[in-house]
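S.K.: starting from these lines, generate the structure:
(chains A and B)
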Protein chains: 2
Amino acid sequence: MALASLKTNSVTTPAANRFDLSEASLRTLTNAKWNQYGPDVLPAFVAEMDFAVADPIQDAVQAVVAKRDYGYPRRDGGKAGAAVANAFAHRMKERFDWEIDPALVVPVADLVQGTYAPVLAFTDPGDGIILQVPNYPPFRDVIRTTERNLISLPMLDDGTRHICNTEQIIDQIDARTRMFVLCNPHNPTGRVFSRQELLDIGQFCIEHDLIVLSDEIHSDLIYPGRKHIPFASLSPELAARTVTLNSPTKSFNIPGLRCAVLHFGTPELRERFGKRIPQRLLGDPNAIGVDATIAAWTQSQPWLDEVMAHLTATRDHVVKRLESELPEIRFRVPEGTYLAWLDCSALMLNTSAFDFFHDNARVAFSPGENFEPTCKAFVRFNFATSRVIVYQIIDRMVEAVRARKP
Amino acid sequence: MALASLKTNSVTTPAANRFDLSEASLRTLTNAKWNQYGPDVLPAFVAEMDFAVADPIQDAVQAVVAKRDYGYPRRDGGKAGAAVANAFAHRMKERFDWEIDPALVVPVADLVQGTYAPVLAFTDPGDGIILQVPNYPPFRDVIRTTERNLISLPMLDDGTRHICNTEQIIDQIDARTRMFVLCNPHNPTGRVFSRQELLDIGQFCIEHDLIVLSDEIHSDLIYPGRKHIPFASLSPELAARTVTLNSPTKSFNIPGLRCAVLHFGTPELRERFGKRIPQRLLGDPNAIGVDATIAAWTQSQPWLDEVMAHLTATRDHVVKRLESELPEIRFRVPEGTYLAWLDCSALMLNTSAFDFFHDNARVAFSPGENFEPTCKAFVRFNFATSRVIVYQIIDRMVEAVRARKP
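M.R.: Numbers count the residues shown, from 1 in each chain, chains lettered A, B, ... in the order given. Reported below is the predicted structural model:
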């Protein structure tokens, strides 16, 4: 097998390969990933990839920089934001056969705004918001800090995968329940929901008259055999209650360039949003983020195909090694994302799983409790890095776990 | 005189001079300034400068780009936003001897958010907001579109300069008047308010218990003989009610890179703001905007000194020619900014002044009515361009005005 053979000669993988950058070169970066922890710690936390961005993105950025072209950006004869909206609409059609009106796409300066703004626009303090848990920390933060009522919908392991069965929370729904935050593909479990699962969620949202905030930020990172379905594409009835959040920042690895979009299923929904959250409160994306985004969505699919080939092989390697060498750690094979949600409770650790691996393996995962307070025995493993580093991370995990055994 | 001699040989000014870029090279840019109007129109509208940015800024941008270092930015061992706040505090001390706590500085992803967010945080629909008029259009927009009550404070020409006398509006103040939007240096008139004028405004705001939103975005663009005084530096009592908005985007010519700061005079004020506007709703600045901002504020003053020398000479040239060749156009010599507010009412035009110059001179100014609906006979002239282009703009104005005379 390719990965097996790679294991033995991985150290000789050319550094020039943009998916196999060396630790030494990654440590020259200024990002949080390679600077938040000590120099002997391998980072596997914050959701970015250790891969060099696609050449069309780099070319687009360099074109701006070469001319010091830092004025108010105008693109394609109009405002730069409109060009981003057009590129998004084009990509949704091309990738998912989902036809949308660019006029219903609102570009925002930074992705995390897209998690806060719909919550503030469509709910009031005291209103109930359903969130699949575990989940991306900013969703928990906005619900908690703005005094909404968090209704946790647990992602349960049904023996083969994580599912969210809305019957679990039926008793908690009342007239003040206003929103369902759907994360698909799901972070941190890596689930990619099936059409039937999405239709079930949709039926539930119609029955309880809920607005759906559909975070589809990982929709381009889908493994073979699975398929992403935009929630708002399921039916016009569902589109009319759905705000979709997307961005190239994860899949094309440009989180620092900051650019995202909110899509509203109908003009009425957009108008309702705008009454509470004026568009200019959210700011305009920066010129470089705009051009990087357009280059990502319109020219960088070949790069993403290569990324997915690398990630698929990496995922398979991670699965194989964890299953054979660390059977105490339970997880489900991610169907999308480059994240694995590792349940370490069978290790019976005295500390959080994060602390255990940080202190004993010198590996920094994302702490499970950031995604759900009860999940201290979990970590989220970001495996979007070079094969060498993934091997080292697993070697270190195995060694740390074995060292603590009698 | 230097400028007079330049006029004759200006066409031979080396293109390499970053303050005298040729029209041909400027037309290769992708910005709104050089693309919004036809190829035969000289743009003198949107507030950016036709100057190549400072080398330290360019070096900082290139350092990020060279490594494709587009991850979540971390700077100086902490979040990138904290590094921006520190750079701002350092600059305020250095430039204005104003000591501030970086913990009270909130970086925002885009400047225009800084005009909207304080209005939404400190006022409710129906509340009165005092705005000096004419003024920057987004201030008018946020007050109007969010259903606040606009109390216009006219900037009156007292025969030597524009002043705003709060006695004009005393009858309009009531218990629901909540905010004073101060723009200093003032856009579009170019006034730089004196300490006494600011103290008078401060006294008025204390008497009527108003929050002050002090837009000081042009505070680095001050002509010899004038001095900028940060409003919140006047006294702790005034600081306690003041939100200051600043950014390097105007003075260092990086509007497309988007990065700005809000400073709150006290922790209480910041907390009050945060309760209505969560920081994450405003987003984080992008990595390139962060590094450009820090390079601007900490390393680019020599460049700005050169800019001011160029702008001072340009301003003096504009004043001299308009006074001698177009005495019908009334204006006051700007004390700051690179903007001149031209009163063309004595020309008795049939159309707006904007339309007249656009159609007859092929020059695009900012329409006066964008700054105040009654100001159709005004235009705002952005003269931050090469000497050649400024000469051409004035030549065209003179020709158009003369052509319409009998």
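S.K.: where in chain A is pLDDT low?
M.R.: Across chain A, the ranges flagged by pLDDT under 70 are A:1-16, A:405-406.
S.K.: can you show me the helices along it?
M.R.: Secondary structure of chain A (DSSP state H): helices at A:2-9, A:23-26, A:55-66, A:80-96, A:111-122, A:137-145, A:195-207, A:236-239, A:267-276, A:287-299, A:301-325, A:353-360, A:387-403.
S.K.: among those, which is the most enclosed?
M.R.: helix A:287-299 (a mean of 27; mean count of other CB atoms under 10 Å in any protein chain shown). Quick note: C-beta positions are derived from backbone N, CA and C, even for glycine.
S.K.: what parts of the stretch 101-250 of chain A come near chain B?
M.R.: Residues of the stretch 101-250 of chain A lying near chain B by CB under 8 Å from any CB of the partner chain: A:108-113, A:115-117, A:120, A:138, A:141-142, A:145-146.
S.K.: can you rerun that using 10 Å?
M.R.: With the criterion set to CB under 10 Å from any CB of the partner chain, the stretch 101-250 of chain A comes near chain B through A:108-117, A:119-120, A:138, A:141-142, A:145-147, A:249.
S.K.: what segments of the stretch 101-250 of chain A are strands?
M.R.: Remark: strands assigned in the stretch 101-250 of chain A by DSSP state E, counting those that start in this stretch are A:105-108, A:128-133, A:149-154, A:156-157, A:162-163, A:177-183, A:211-215, A:242-246.
S.K.: could you dump the ones you listed to a markdown table with distance to A:Arg272 and mean neighbour count?
M.R.: What follows is the strands of the stretch 101-250 of chain A, written out as a markdown table (distance: least, CB to CB, whole Å; neighbours: other CB atoms under 10 Å in any protein chain shown):
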| stretch | distance to A:Arg272 | mean neighbour count |
| --- | --- | --- |
| strand A:105-108 | 13 | 26 |
| strand A:128-133 | 17 | 24 |
| strand A:149-154 | 21 | 18 |
| strand A:156-157 | 33 | 14 |
| strand A:162-163 | 31 | 20 |
| strand A:177-183 | 12 | 24 |
| strand A:211-215 | 9 | 26 |
| strand A:242-246 | 10 | 27 |
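S.K.: so can I have a markdown table of those strands showing distance to B:Lys227?
M.R.: As requested, the strands of the stretch 101-250 of chain A are arranged in a markdown table below (distance: least, CB to CB, whole Å):
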| stretch | distance to B:Lys227 |
| --- | --- |
| strand A:105-108 | 38 |
| strand A:128-133 | 51 |
| strand A:149-154 | 52 |
| strand A:156-157 | 66 |
| strand A:162-163 | 63 |
| strand A:177-183 | 51 |
| strand A:211-215 | 49 |
| strand A:242-246 | 47 |
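S.K.: of all the ones you listed, which one comes closest to B:Leu262?
M.R.: strand A:105-108 (18.1 Å; CB to CB).
S.K.: so what strands line up beside the closest one?
M.R.: Taking DSSP bridges as the criterion, strand A:105-108 sits next to strand A:260-264 (antiparallel) in its sheet.
S.K.: list the residues that contact the nearest residue to A:Leu257 once chain neighbours are set aside.
M.R.: Leaving aside its chain neighbours, A:Leu257 sits nearest to A:Gly289 (4.3 Å; criterion: CB to CB, 6 or more residues apart in numbering or on different chains). If a contact means CB atoms under 10 Å, 6 or more residues apart in numbering or on different chains, then A:Gly289 has A:61, A:73, A:80, A:84, A:107, A:109-110, A:247-249, A:254, A:256-260, B:70, B:109, B:256-258, B:286-289 as its contacts.
S.K.: repeat that with 8 Å
M.R.: A:Gly289 sits next to A:Ala109, A:Ile254, A:Leu257, A:Arg258, A:Cys259, B:Asn286 when contact means CB atoms under 8 Å, 6 or more residues apart in numbering or on different chains.
S.K.: in the stretch 151-300 of chain A, which residue sits nearest chain B?
M.R.: In the stretch 151-300 of chain A, the residue that lies nearest chain B is A:Gly283 (2.9 Å; CB to the nearest CB).
S.K.: check whether A:Ala361 really touches A:Met397, as I assumed.
M.R.: Yes: using CB atoms under 8 Å, A:Ala361 makes contact with A:Met397 at a distance of 5.3 Å.
S.K.: the residue of the stretch 151-300 of chain A closest to chain B - how many residues pack around it?
M.R.: Look at A:Gly283: counted by other CB atoms under 10 Å in any protein chain shown, it has 27 neighbours.
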